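J.: please work out how this folds:
(one chain, ligands or ions: 1)
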Amino acid sequence: MAKHPGTASAPSSIDTLIDAVLADLEKTPKEISSVWFYDELGSLLFDSICELPEYYITRTELQIMRTHAADMARIIGGGAALIELGSGTSLKTRQLLDHLQTPHTYVPVDVSRRQLLDACRHLAHDYPRLRITPVCADFSRDFKLPSDILSARKRIIYFPGSTFGNFTHAQARHLLARLLAIIRANGSILIGIDLCKDIGILKQAYDDPVGVTAKFNINALRHINRELGADFELKNFDHAALWIDDQSRMEMHLVSKRDQIVHLGGRGVRIAYGEHLRTEYCHKYTQDSFEQFALETGLVITHAWHDPAHLFAVLMLEP
Ligand code: AVI
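T.: The predicted structure follows:
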């Protein structure tokens, strides 16, 4: 479920959360953090997005894992601790677990306790010999790893889903540096990266004809209303998905359909007709641009697996 940089479920006080939302609404353009996508409804909507024919990401990455997990597992070798960031249902991980030789431990990290425990229960049933040590945490912040991985031969961080693309470049650099500190000299990072492609494909993926992505985007406002007592009128906003060429990213926006004032924390925020609230960054990389990025943190791409159309890449990074 932690498919986003930061979380609204962290133990912050309501006042802190209100201040953060108000600060984002003071930016130009106004922003709403993507952490607000993921309440219960938002997580269900995201699962529906993953099933859409236009949203190629989940399907394509799963296909890469089905085709190449044996190769990945052979390279990883035995006795490794597998740490998955934003593990959710651990669906793609099963491909790896099916092939890994004597894994030392599987450490799923997710902010949603319910989803984490459900996934662990199913995994414990299907992989009875696997040691599973779940960590309920927001991986975009510092979290404590379980001590039982200390005896693992090496540490592998698995970060699928192209969630990396949702981080700003500054956040992404910071995250890679933290991951490097976790894997140390002999570990690796196995990461899913969405590649640059035809803009028409991207626009359809982020603005599907059925409108599921639009509902997902607008749900962020519903979540803020419920949690923070704001009064966003959902019908006053349209969904928009824009390609920002010089940043190589899709952005999700909410566009105001009228002049309006939204109330939050005793303050009124004026939103003009046609004004955009940016809700998400979805960076797309080429393998070269990603490698450049990784190199800056001291990581190199040692292996790369793609689908035949090169829509997506699963990359292995090592120090
Ligand atoms: C979670 N993350 C990888 C998704 C993405 O494609 O960037 C979130 C998403 N936003 C709109 N559709 C899906």
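
J.: which residues touch Tyr158?
T.: Leu82, Ile83, Glu84, Leu85, Thr93, Leu96, Leu190 (CB atoms under 8 Å, 6 or more residues apart in numbering). Bear in mind the C-beta positions are built from the backbone N, C-alpha and C, glycine included.

J.: closest one of the residues you listed to the ligand?
T.: Leu85 (12.0 Å; CB to the nearest ligand atom).

J.: what about Ile224, is that helix, strand or coil?
T.: With DSSP: H, G, I helix; E, B strand; the rest coil as the basis, Ile224 sits in helix.

J.: that one reaches Phe237, doesn't it?
T.: No - checked against CB atoms under 8 Å, the pair Ile224 and Phe237 is beyond contact range at 12.0 Å.

J.: which residues of this structure score low on pLDDT?
T.: Along the chain, the parts satisfying pLDDT under 70 run over 1-12.

J.: what parts of it come near the ligand?
T.: Within the chain, the positions near the ligand by CB under 6 Å from any ligand atom are 3, 49, 57, 161-163, 165-166, 206, 213, 252, 280, 282.

J.: quick one: residues contacting the residue in the stretch 201-319 of the chain positioned nearest to the ligand.
T.: Across the stretch 201-319 of the chain, no residue is closer to the ligand than Cys282, which sits at 3.8 Å (CB to the nearest ligand atom). Listed by CB under 8 Å, 6+ apart, the contact set of Cys282 reads Ser162, Gly165, Asn166, Asp194, Tyr206, Arg249, Met250, Glu251, Met252.

J.: wait, doesn't Pro103 sit right on Gly77?
T.: No - contact criterion CB under 8 Å: Pro103 and Gly77 do not qualify, at 10.1 Å.

J.: neighbour-wise, which of the two wins?
T.: Set side by side, Pro103 and Gly77 show more neighbours around Pro103, with 23 against 13, by other CB atoms under 10 Å.

J.: re the thing from before, among the contacts of Tyr158, which pair sits farthest apart?
T.: Leu85 and Leu96 (13.8 Å; CB to CB).

J.: show me which of these two is the more surrounded one.
T.: Leu85 (28 against 23).

J.: quick check: that one vs Arg267, distance?
T.: With distances taken as CB to CB, to the nearest Å, Leu85 is found 35 Å from Arg267.

J.: how about the contacts made by Tyr279?
T.: No Tyr there; residue 279 is Thr. Glu31, Ile32, Ser33, Ser34, Trp36, Phe37, Asn217, Ala220, Met252, His253, Leu254.

J.: a strand runs through it, doesn't it?
T.: Yes - judged by three-state DSSP, Thr279 forms part of a strand.

J.: quick one: which of the contacts of Tyr158 is nearest Ser147?
T.: Among the contacts of Tyr158, and counting by CB to CB, the member closest to Ser147 is Ile83, at 13.4 Å.

J.: now the closest one: closest residue in space that isn't a chain neighbour?
T.: Val107 (4.4 Å; CB to CB, 6 or more residues apart in numbering).

J.: okay, buried residues for whichever strand or helix holds that neighbour please.
T.: Take DSSP states H and E as the rule and Val107 turns out to sit in strand 105-110. For strand 105-110, burial by neighbour count (16 or more other CB atoms under 10 Å) applies to Thr105, Tyr106, Val107, Pro108, Val109, Asp110.

J.: with stretch 127-134 instead?
T.: So for stretch 127-134, counting by 16+ other CB under 10 Å, buried means Tyr127, Leu130, Arg131, Ile132, Thr133, Pro134.

J.: so which of the residues you listed are in helices?
T.: Residues of the buried residues of stretch 127-134 located in helices (DSSP state H): none.

J.: can you redo those as CSV with distance to Ala20?
T.: Putting the buried residues of stretch 127-134 into CSV (distance: CB to CB, whole Å) gives the following:
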residue, distance to Ala20
Tyr127, 39
Leu130, 38
Arg131, 38
Ile132, 34
Thr133, 31
Pro134, 28
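
J.: which one of those sits closest to the ligand?
T.: Pro134 (20.3 Å).

J.: state the distance from the residue of the chain most remote from its centre to Asp231.
T.: In the chain, the residue that sits farthest from the middle, by CA atoms, centre = their mean, is Asp259; the gap is 32.8 Å. For Asp259, the distance to Asp231 (CB to CB) stands at 15 Å.
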